[in-house]
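[1] next input, structure requested:
(chains A, B and C)
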Amino acid sequence: MHEIVQAVILGLLIGGVYALMSSGLTLVFGIMRVINVAQGALVILAAYLSYALWSNLGVDPFLSILVVTPAMFVLGVAVQLVFVRSLRGPEAPELSLLITWALALGIEGVLSVIFKTTYRVSLPSYADSTWTVFGYQVAQVRFFGFVVSWVMLGLLALLLTRTRFGRAVRATVQNPTAATLLGVDANRVQTLSFGVGVSMAAAAGAVYGVIYPFNPGSHYDLISRLLSIVVLGGLGSIGGAVVAALGMGVIEAVVAVEISPVWASFSFFVVLIGVLLVRPQGLFGMRERVL
Amino acid sequence: MLGLAALAATAGGASGRTSAGPIKIGISLSLSGDFSDPGKFAMQGYKLWAKTVNAHGGILGRQVVLDIQDDASSPTQAATNYQNFITRDHVDLVFGPFSTLLTAPSAAVANRYGYAFIEPAGGGPAVFDEKLHNVFFTQPAPIVQSGDVFVNWVLSLPKAQRPKTAAYPELDDPFSAPIAERMRQAFEKAGIKTVYKTVYPSETVDMTPIVSKIAAAKPDMVVGGTQAGDGYSLVKGLVQAKYSPKFVFEANGPNSPGEFPSKVGASNTEGIFSASDWFPKAKTYGNPYFVRQFVKTYGGTADAIDPGSAEAYAVGQVAARVIQKVGLNNAKIIAALHKGQWPTVEGTLHWNSIGEPTGKFLLVEWIGGKLYPVLPKNVAVKKPVYPKPNWGG
Amino acid sequence: MSRATAASVARGLAFTGAAVAFPYVFSAAWIVNIGVLTLMYAALATAWNLFSGYSGYINLGQAAFFGVGAYALGITFQHMGVGSGYNPFIALPLIGAGVAIASVPVVWVALRTRHMTFAIVTLTLLFIVQQLAFNLRSLTQGSSGLMLPSPRFPISSYDTPFYLAMLAILLMGLLLCWLTLRTKLGLMLLAIREDEEKARGLGVRVTGVKLVAWSLMVWLTAMVGGVWAYYLTFIYPESSVDPLVMIGAVLMTFLGGRGTLWGPTIGALILVPAQQYMLTRLGASELYLIGYAAVFMVVLLLLPRGILPSLRDLVARLREWQRTRGSVRQEAAA
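    A predicted model of the protein is given here:
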């Protein structure tokens, strides 16, 4: 029993970070029907940036979020302008899938050239410290990561509900044509939202790089999880992504402890397929036959 | 198709068989992709060997030229590269690539055309299961036997001092889990009870669930079938869980003299065992010279030299010696290598008919903050220390 | 037979003749080896095109079926022995069919979701199959890899049987694409690509049509995987389910022209030798991956319809220009 509770704690802690990563992914889809397959690679890129700041300048990885996030926001805007916006036509969503995959490969290639394929991890002084809470171990870095993730998600929620930009975003999601008629600049909303989505990945990347060793190839594993999470949660639903991410973290950790580590990530895919059988639109998605 | 025809026309002419020309050796290495880091170490070893040999007049008076091609860590590309070396470039000799996974298909290609396949890194069961006669693995023994020396030592201890129970965390790859499994079978046969065993996938980043289960089972001995990364995490995890077994062996991790203390904490290394095919201070054939030249050429310290470079260098040593003996004829080379002893930086090597070296790996241990070989006796620098003291002291 | 059909048939026969003769004319082993790789990608791209090009559903799981085919062949022959060496080739269509049938329930689940979700679900198939390859150790040997017996083909022409096997699969794929375009199946697929709801409204059995195209794609892909496994004689989970191989095939389809007959093959004929060249020149500095990504982006952004359709457009416009020029001259002369 002790092990299961420990596993659930672990799963929730890491699930929070995955929730942050996938929030950006599902937000972008909701607004412009684009699946950013490079989200995983962008997380890793942020992890490297944070790592570089830590290993060269001694900047605490969590503090580096303040630098890395705005930098990657700009990158996200640039990417949307150069690559995504130029895709036109009814097949743009599918083409965007492929073009962001190409982008992910490109990022992997650039990172391999600069950093080689050695595994890296930021190791601030408290990297190995744990607290013992009611007999359960809680690693400090995971806890901080969890807190940071929820702070960022909270900021995202505020952005979407309390600002004009947020209202424009939600209007565009609901009905792009009506939004444009009411004066919303759809192009600007899309570009800025893409930047926001990448910012989420950036913050998550800085956190990820403290908890887990990573190398340029780590994005494959990440993106497969992120995509499964957003599909399970329902494409376009941030709340759904959060629930799915937490669920994924817990399922994996519990399976690793109770059955075997080798079946841990597999079990999540099984759950995904199972849910899709019953609810093809995911947990909180809207039912839509064809795009 | 026209493009291919043009390629054929231009490449057909090159042939390294003029008697006065250089000796051409084809090598496929992983210079990009998953294996690119170890691939680079192997390349350093090969190149250093070529430089050394050429500086001393070459082999049979001929200079050695290495043709190194990238296989992007792909077995399909590795096989293609060796096809190109042998049937397009008509090289005199080929050396092996990095990793069992790439060596297995490449050795089959070389075998088809009767080329000897002296290789530094394909030591997993898959290579020897092919039962090819042209394969020669330049490490002391097949990788799966890495833990044999430790097993024999533990079982040689008086019964009262032996561990009674053991836990086996194993990484799921061809080089790690098989080692621990072999050790487990030997230990179980001798009556050491297995209280926990688990296999974890290679992308596992979180050892906490596994560590907590090990700590709960309270084994006297932990045998880790590990690579470096998870080897570090396992030790760190046990430290954090405040559980200190009396015997700790890890297939990899503790055998990195430079990295291990910084990754787990210098005070936690005492008494931990590992296996190694090569040691910077070993007095094997040509080793002091190799270490000096390596540091001179590539910088860094002796302790930072990756064994992969030594393994590749050993390939060259074997090749030079056998060519001096029987000339540049692959069939004769294969026949000659199946007999006798061949001294290298990896030790004196001898192979059976399917390419398995018949020697023993080194058992290494951390004593007083440094890594030493402790067995076999003829290469040991210190005697094994046991049981392992508590963490931090 | 109409003129267009006769021209098609003639092109097909010419290609077949040239391709069959190739390994006998250029019999150096390394050339035939490159031929095997080129045909492998051409077959994969053609198969991908058969489902995704015509139906408009992007399938990102092709590599999974390549891997299943590879393992299916390996497991079958691991203990059985390959007899004359040709047994695996003979067993291929059956093995492929088995894989195709097994894939139907999986894709049926995926097809209930919308386009984008479908793409993602097929992508997860990659990871699922790879995990299964790792974990079902008693069947697949897991991470240690699976070994196949080596055939005793004569050394002077060792690669040729593999070349011909890949060619046979490619020709079958081309034939299937050609037939699809000429039959109701093709019309229905294209209708689905245009507007699925409308097609459904018009009475098209949408799901059934997609399943047929899907099964054919899996059949072809699994067979290619089987030949590949036999060629290398050693397979393991990471190499058998390799996203880069699949992305290469998709890229070649886009380069040549999605939804066309010869597009994927042309894409392969261009990119495979180029890939080998890039690896020789750029591999060592890891620019290889960047180069790959760059080519992909260029194709998607600048030449999204691919070479063949763009060429056809160019030719049509040239003819139109010539015709108007001719008529202007006539008018001027008159």
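
[2] what about residue 110, neighbour count?
    Went with chain A since none was named. Neighbourhood size, residue A:110 [other CB atoms under 10 Å in any protein chain shown]: 19. Placement of C-beta: from N, CA and C, glycine included.

[3] um, chain B though
    That count, for residue B:110 with other CB under 10 Å as the rule, works out to 28.

[4] now swap in residue B:321 and tell me
    The number of residues packed near residue B:321 is 17, by other CB under 10 Å.

[5] can you pull the contacts of residue 190?
    The chain I'm using is chain A. A:31, A:32, A:80, A:85, A:172 (CB atoms under 8 Å, 6 or more residues apart in numbering or on different chains).

[6] chain C was what I was after
    Here residue C:190 is in contact with C:54, C:259 (CB under 8 Å, 6+ apart).

[7] distance check, it against residue C:208.
    To residue C:208, residue C:190 is 16 Å away according to CB to CB, to the nearest Å.

[8] residue B:229 now?
    According to CB to CB, residue B:229 and residue C:208 sit 49 Å apart.

[9] before we move on, what about residue C:131?
    In terms of CB to CB, residue C:131 sits 31 Å off from residue C:208.

[10] so for those two, which sits in the more crowded spot?
    A count of neighbours by other CB under 10 Å puts residue C:131 above the other of residue C:131 and residue C:208, at 20 against 11.

[11] can you verify my assumption that that one contacts residue A:264?
    No: applying CB atoms under 8 Å as the test, residue C:131 and residue A:264 come out as separate, 9.6 Å apart.

[12] mind listing the shared neighbours of these two?
    residue B:201.

[13] relative to chain B, which of the contacts of residue A:190 is nearest.
    residue A:80 (29.2 Å; CB to the nearest CB).

[14] now do the contacts for that closest one.
    A:190, A:191, A:194, A:195.

[15] do residue A:84 as well
    A:32, A:34, A:96, A:99, A:100, A:194.

[16] now those residues: which count as buried?
    For the contacts of residue A:84, a burial check counting by 16 or more other CB atoms under 10 Å in any protein chain shown picks out A:32, A:34, A:96, A:99, A:100, A:194.

[17] I'd like to know which elements the host helix or strand of residue B:81 is packed against.
    According to DSSP states H and E, residue B:81 maps onto helix B:75-83. Helices and strands touching helix B:75-83, by 3 or more CB pairs under 8 Å, 6 or more residues apart in numbering or on different chains; DSSP states H and E, are strand B:23-29, helix B:100-112, helix C:29-48, helix C:206-232.

[18] tilt between that helix and strand B:23-29?
    Angle, helix B:75-83 to strand B:23-29, by axes from the mean of the first three to the mean of the last three CA atoms, to 10 degrees: 180 degrees.

[19] who touches the very next helix or strand once past helix B:75-83?
    Next along the chain after helix B:75-83, taking DSSP H and E as the criterion, comes strand B:93-95. Identification of contacts with strand B:93-95 by CB under 8 Å, 6+ apart yields B:23-27, B:46, B:82, B:85-86, B:110, B:115-120, B:312, B:315-316, B:319, B:323, B:328, B:330, B:333.

[20] where does pLDDT dip in the stretch 251-393 of chain B?
    For the stretch 251-393 of chain B, residues meeting the criterion pLDDT under 70 lie at B:393.

[21] from residue C:167, how far out is whichever residue of it sits closest to chain A?
    Chain A sits closest to residue B:265 of the stretch 251-393 of chain B, with a gap of 8.1 Å, by CB to the nearest CB. From residue B:265 over to residue C:167 the distance is 60 Å, taken as CB to CB.

[22] near chain B at all, stretch C:79-97?
    No: for stretch C:79-97, no contact with chain B is found by CB under 8 Å from any CB of the partner chain; the gap never falls below 13.0 Å.

[23] buried residues in that stretch?
    C:82, C:85, C:88, C:89, C:91, C:92, C:93, C:95, C:96.

[24] can you redo the residues you listed as a markdown table with pLDDT and secondary structure?
    Below are the buried residues of stretch C:79-97 laid out as a markdown table (pLDDT from 0 to 100; DSSP: H, G, I helix; E, B strand; the rest coil):
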| residue | pLDDT | secondary structure |
| --- | --- | --- |
| C:82 | 78 | coil |
| C:85 | 85 | coil |
| C:88 | 91 | helix |
| C:89 | 94 | helix |
| C:91 | 93 | helix |
| C:92 | 94 | helix |
| C:93 | 95 | helix |
| C:95 | 94 | helix |
| C:96 | 95 | helix |
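
[25] farthest-separated two in these?
    Greatest spatial distance in the buried residues of stretch C:79-97: C:85 and C:96, 19.2 Å, computed using CB to CB.

[26] quick check on the residue nearest to residue B:145 when sequence neighbours are not counted: phi, psi?
    Of all residues beyond its chain neighbours, the one nearest residue B:145 is residue B:361 (6.6 Å), with distances taken as CB to CB, 6 or more residues apart in numbering or on different chains. Main-chain dihedrals, residue B:361, degrees, to the nearest 10: phi -70, psi 160.

[27] spell out which parts of chain A neighbour chain B.
    Near chain B, when you scan chain A using CB under 8 Å from any CB, you find A:3, A:6-7, A:10, A:14, A:112, A:116-119, A:128, A:130, A:137, A:139, A:211-213, A:217, A:221, A:253, A:256-257, A:260-262, A:264-265.

[28] considering only those residues, which also neighbour chain C?
    A:112, A:262, A:265.

[29] show me the residues you listed that map onto strands.
    Within those, no residue falls in strands by DSSP state E.

[30] are any of the residues you listed buried, and which?
    A:112, A:262, A:265.

[31] may I see those arranged in JSON lines, with pLDDT as well?
    Output for these, formatted as JSON lines (pLDDT from 0 to 100):
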{"residue": "A:112", "pLDDT": "88"}
{"residue": "A:262", "pLDDT": "87"}
{"residue": "A:265", "pLDDT": "85"}
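
[32] between those residues, which sits nearest residue C:158?
    Once CB to CB is applied, the member of these that ends up nearest residue C:158 is residue A:112, at 34.8 Å.

[33] how many neighbouring residues does residue 18 have?
    Went with chain A since none was named. Neighbours of residue A:18 using other CB under 10 Å come to 25.

[34] think we crossed wires, I meant chain C
    11.

[35] quick one, grab the pLDDT at it.
    Residue C:18 is assigned 94 on the pLDDT scale.

[36] can you tell me the SS state at it?
    helix (DSSP: H, G, I helix; E, B strand; the rest coil).

[37] how close does it get to chain A?
    31 Å (CB to the nearest CB, to the nearest Å).

[38] how close does that residue get to residue C:35?
    Distance, residue C:18 to residue C:35, using CB to CB: 11 Å.

[39] same check on residue B:115?
    22 Å.

[40] in the stretch 51-200 of chain C, what residue comes closest to chain B?
    residue C:144 (4.3 Å).

[41] spatially nearest residue to that residue, not counting backbone neighbours?
    The nearest residue in space to residue C:144 (CB to CB, 6+ apart) is residue B:174, at 4.3 Å.

[42] so that neighbour makes contact with residue B:126?
    Yes: taking CB under 8 Å as the definition, residue B:174 is a contact partner of residue B:126 at 6.4 Å.

[43] what's the overlap in contacts for the two?
    B:100, B:101, C:144, C:145.

[44] residues contacting the residue of chain A found nearest chain B?
    Of all residues in chain A, residue A:261 sits closest to chain B, at 3.7 Å by CB to the nearest CB. By CB under 8 Å, 6+ apart, residue A:261 lies in contact with B:198, B:199, B:200, B:201, B:204, B:209, B:210.

[45] can you count the residues close to the third one?
    Applying other CB under 10 Å, we find 24 residues neighbouring residue B:200.

[46] quick check, residue A:236 in a strand?
    No: under three-state DSSP, residue A:236 sits outside any strand and is assigned coil.

[47] need the contact list for it.
    Contacts of residue A:236 (CB under 8 Å, 6+ apart): A:26, A:29, A:30, A:173, A:285, A:286.
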